[in-house]
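Chemist: okay, structure incoming, though there's no sequence with it:
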């Protein structure tokens, strides 16, 4: 009986005894079908090739454990390769989840850092504006605070203070121009 006429079961038993030629023949027979199965499971040729290699290494190491009374050689091999594929898919899932978690954490930290920077800049700017407001004449400062801090309209300011609307607008405009000049000097 030539080696090409030997059954898969016989080749597997011989491989279990250390026969590398029998294992090579078994590989040549089984690998195309097993690779096709793995390629379907992964939809990625590289992953399928990696698992095929792992599976055949396992098969070589454990061929002596094969019992032909319990299953056909191909069925036994399929179970081994299926388990290897499931292990790889789980590992890829864990890796994917870990990468997603790291990306979310990184984005969160970046956002927190950016928000902290914006808050610090805002506080800095607020301190500068308050300081600059202190340099204005009292009437201009008071009108600017009414208009921009309290949000009161020019008309309402004029009516509540008993001032002409033109005077309120002029003083606010002059105060803003002075404020701009003071802030420009403080920023450069």
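Modeler: That came through fine. Not measured: the values here are computed from a predicted model.
Chemist: so the residue nearest the centre of the chain: helix, strand or coil?
Modeler: Taking CA atoms, centre = their mean, the centroid of the chain lies closest to residue 103, which sits 2.8 Å from it. In three-state terms, and counting by DSSP: H, G, I helix; E, B strand; the rest coil, residue 103 is helix.
Chemist: roughly how far apart are it and residue 97?
Modeler: Residue 103 sits 11 Å away from residue 97, going by CB to CB, to the nearest Å. C-beta: built from backbone N, CA, C; applies to glycine.
Chemist: quickly find the element holding the closest residue to residue 132 other than its chain neighbours.
Modeler: What sits nearest to residue 132 in space, not counting adjacent residues and going by CB to CB, 6 or more residues apart in numbering, is residue 182, at 4.2 Å. Element membership of residue 182 [criterion: DSSP states H and E] is helix 165-187.
Chemist: which neighbouring elements make contact with that helix?
Modeler: If contacts are counted by 3 or more CB pairs under 8 Å, 6 or more residues apart in numbering; DSSP states H and E, helix 165-187 sits against helix 73-133, helix 138-144, helix 154-161.
Chemist: the last one - contacts with which helices or strands?
Modeler: By that I understand helix 154-161. helix 165-187.
Chemist: before we move on, what about the second one?
Modeler: Other elements packing on helix 138-144 under the criterion 3+ CB pairs under 8 Å, 6+ apart are helix 165-187.
Chemist: buried set for the helix it packs on?
Modeler: 168-169, 171-172, 174-176, 178-179, 182-183 (16 or more other CB atoms under 10 Å).
Chemist: now distance to residue 7 too, for these, in JSON lines please.
Modeler: Formatted as JSON lines, the buried residues of helix 165-187 follow (distance: CB to CB, whole Å):
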{"residue": "168", "distance to residue 7": "104"}
{"residue": "169", "distance to residue 7": "102"}
{"residue": "171", "distance to residue 7": "104"}
{"residue": "172", "distance to residue 7": "99"}
{"residue": "174", "distance to residue 7": "103"}
{"residue": "175", "distance to residue 7": "100"}
{"residue": "176", "distance to residue 7": "96"}
{"residue": "178", "distance to residue 7": "100"}
{"residue": "179", "distance to residue 7": "95"}
{"residue": "182", "distance to residue 7": "96"}
{"residue": "183", "distance to residue 7": "91"}
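Chemist: of the residues you listed, which is the nearest to residue 71?
Modeler: Using CB to CB, residue 183 comes nearest to residue 71 of those, at 83.6 Å.
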